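Undergrad: mind looking at a prediction? Sequence and model below.
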Amino acid sequence: DFTAFREVARILEVPAQNLLYADIDGNIGYQMPGVIPIRKGYDGKWPVPGWSSELGWDGSIPFEDLPWAYNPPEGWIVTANQAVVGKDYPYFITDDWSYGARSQRIVDLITAQIDEGRAFTIADMQALQMDNWSENADFLVPRISGMPVQEATKAGMALLPSWDYQQGIDSAPAAYFNAFWRQLITRMFDSKTGTDITSASGDDQFFEVIRTLWDSPDDPWWDDPLTAETEGRDAVITASLDAAYQDMVDLQGSEPGSWRWGALHTLLLQHGTLGASGIAPIEALFNRGPIDTAGGSGIVNATGWTPSDGFEVTWVPSMRQVVDLSDFDNSTWVNLTGNSGHAFNPNYEDQVDSWQSGSQFGWAWSVEAIDQSAEAMLTLTPAD
């Protein structure tokens, strides 16, 4: 039961995680575990004088006071690294939460289906996991569509008005928009700091930065210090749109309709031990890909990338699953690569295509289902 679940969570000291609970009686719950220090007048962000206890720890947050929920009135729980406490919470956990682009999108999709009176199916949950809608594009595209760009750039801009803001593998507008986004934030931030500040960004931190700055078009943050002139918002937006168009022409040709987000946003499946050996034949044996990938940072289908380094994927959901508590044998699952770590085994990479497309496999749970799906049995007999 949930009480026993929380007792188990009590002993999970590090790392702190978002733990979800559900049972066959229809109960659901959430628990944040971990030993979270109570700091004296300090939030833990920067180094402190190690020879003094003035800013040291003053114990840890009692487990009973860590965030938790049981059968909330909504009837569902969403956790996607967003803040799980409000301003009235008496302890400081962090202020580096995700800003909520992913979690709010999940909430919106769930509530929309509830309002329609439709029950949720396994297929609905699988589709939700693969939602590629961009909150960032939803905010920016209507605001940048009328910017005065070079004549050639208008061919790229023509992709945006009819875009549904889904960043699918084959999306041409997603390719152009993200090329623009990369130009914009590296011009605005990396050039000012002299370092790749955007490489340290969280999922949707820079979404929120641009949203906050938008109504201050003369704010100094809009200026690119590497140019002779001082840009305001519209000037740097226009320059970024023009530069992004040229980037896409260089990368994928002069026909904007043929541009593809997935061809930019690729994932190399790199072997943890030998995949970065520097020996090309060894890497070829153990690595797979790169593969085209949908989604992006701050999106439900979370496939992270670092604008200062390029469009390549740097982190992904390594597996997806849907659990049916009314019939566990109806549950589904997909792994990023396969069930074998042996590079020459057929199960080394046999789930890659399904992971990429969002399909999942049946998950045999009961003894009967396992027996029915078994292809072979290995029997180990102890020696006399």
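TA: Thanks, I have the structure now.

Undergrad: what's in contact with the top helix by length along the chain?
TA: Secondary structure of the chain per DSSP state H: the longest helix is helix 233-252. For helix 233-252, contacts defined as CB atoms under 8 Å, 6 or more residues apart in numbering pick out 144, 147-150, 152-153, 155-157, 175-176, 179-180, 182-184, 187-188, 213-214, 216-219, 222-224, 227, 229, 231, 256, 258-260, 263-264. Backbone N, C-alpha and C define where each C-beta goes, glycine included.

Undergrad: likewise for stretch 122-129?
TA: Residues from elsewhere that reach stretch 122-129 (CB under 8 Å, 6+ apart): 106, 109-110, 113, 118, 300-301, 317, 320, 322, 324, 330-332, 358-360.

Undergrad: please check those residues and keep the buried ones.
TA: By neighbour count, with 16 or more other CB atoms under 10 Å, the contacts of stretch 122-129 hold Ile106, Leu109, Ile110, Val300, Asn301, Arg320, Val322, Asn330, Ser331, Thr332, Gly358, Gln360 as buried.

Undergrad: in strands, which of these appear?
TA: Arg320, Val322, Thr332 (DSSP state E).

Undergrad: identify the residues contacting the second one.
TA: I take that to be Val322. Neighbour list for Val322: Ile122, Met125, Gln126, Gln129, Ser331, Thr332, Trp333, Gln360 [criterion: CB under 8 Å, 6+ apart].

Undergrad: state the pair within these that is farthest apart.
TA: Gln129 and Ser331 (13.5 Å; CB to CB).

Undergrad: can you pull the phi/psi pair for the nearest residue to Ala172 once chain neighbours are set aside?
TA: In space, and not counting its chain neighbours, Ala172 is closest to Trp259: 4.2 Å by CB to CB, 6 or more residues apart in numbering. Main-chain dihedrals, Trp259, degrees, to the nearest 10: phi -70, psi 150.

Undergrad: repeat for Gly232
TA: Dihedral angles (degrees, to the nearest 10) for Gly232: phi -100, psi -170.

Undergrad: contacting residues for it?
TA: Applying CB under 8 Å, 6+ apart to Gly232 gives the contacts Pro217, Asp218, Trp222, Asp223.

Undergrad: do Asn27 as well
TA: Asn27 touches Asp1, Phe2, Tyr21, Tyr70, Asn71, counting by CB under 8 Å, 6+ apart.

Undergrad: please apply the same query to Val35.
TA: Neighbour list for Val35: Glu13, Val14, Ser60 [criterion: CB under 8 Å, 6+ apart].

Undergrad: so which of these is the closest to Gly29?
TA: Using CB to CB, these come closest to Gly29 at Glu13, 19.9 Å.

Undergrad: secondary structure class for the nearest residue to the closest one once chain neighbours are set aside?
TA: Closest residue to Glu13 in three dimensions, ignoring its sequence neighbours and counting by CB to CB, 6+ apart: Val35, at 4.6 Å. Under DSSP: H, G, I helix; E, B strand; the rest coil, Val35 falls in the coil class.

Undergrad: just among the contacts of Asn27, which is most surrounded?
TA: Counting neighbours by other CB atoms under 10 Å, Tyr21 leads the contacts of Asn27 with 19 neighbours.

Undergrad: quick one: strands adjacent to the helix or strand hosting it?
TA: Tyr21 is part of strand 19-22 when elements are defined by DSSP states H and E. Take DSSP bridges as the rule and strand 19-22 pairs in its sheet with strand 28-31 (antiparallel).

Undergrad: who does the helix or strand that the strand it pairs with is followed by touch, helix- and strand-wise?
TA: Sequence-wise, the next helix or strand downstream of strand 28-31 (DSSP H and E) is strand 37-39. Packing partners of strand 37-39 (3 or more CB pairs under 8 Å, 6 or more residues apart in numbering; DSSP states H and E): strand 57-60.

Undergrad: the spatially closest residue to Ala83 that is not a sequence neighbour: what's it in contact with?
TA: Closest residue to Ala83 apart from its sequence neighbours, by CB to CB, 6+ apart: Trp97 at 4.1 Å. By CB under 8 Å, 6+ apart, the contact list for Trp97 reads Asn81, Gln82, Ala83, Val84.

Undergrad: okay, now the unreliable bits of the stretch 101-250 of the chain?
TA: 194-203 (pLDDT under 70).

Undergrad: all the helices of it, residue numbers only.
TA: 101-115, 122-129, 135-144, 154-157, 172-185, 191-193, 205-213, 233-252 (DSSP state H, counting those that start in this stretch).

Undergrad: just say which of the ones you listed is most tucked in.
TA: Counting by mean count of other CB atoms under 10 Å, helix 172-185 has the highest mean neighbour count of the helices of the stretch 101-250 of the chain, with a mean of 25.

Undergrad: returning to that earlier point: next one: the longest helix of the chain to chain centre, how far?
TA: A distance of 25 Å separates the centroid of the chain from that of helix 233-252, by CA atoms, centre = their mean, to the nearest Å.

Undergrad: for the very next helix or strand once past that helix, name the packing helices and strands.
TA: Remark: after helix 233-252, the chain's next helix or strand is helix 261-264, criterion DSSP H and E. In terms of contacts (3+ CB pairs under 8 Å, 6+ apart), helix 261-264 is packed against helix 172-185, helix 233-252.

Undergrad: contacts for stretch 2-11?
TA: By CB under 8 Å, 6+ apart, stretch 2-11 touches Leu19, Tyr21, Asp23, Asn27, Gly29, Gln31, Pro33, Phe63, Trp68, Tyr70.

Undergrad: what about 10 Å?
TA: With CB atoms under 10 Å, 6 or more residues apart in numbering as the test, stretch 2-11 has contacts from 1, 17, 19-23, 27-34, 63-64, 66, 68, 70-71.

Undergrad: can you check stretch 377-384 too?
TA: Under the contact criterion CB under 10 Å, 6+ apart, stretch 377-384 has outside partners Asp371.

Undergrad: ends of it, how far apart?
TA: 22 Å (CA to CA, to the nearest Å).

Undergrad: perfect, that will be all.
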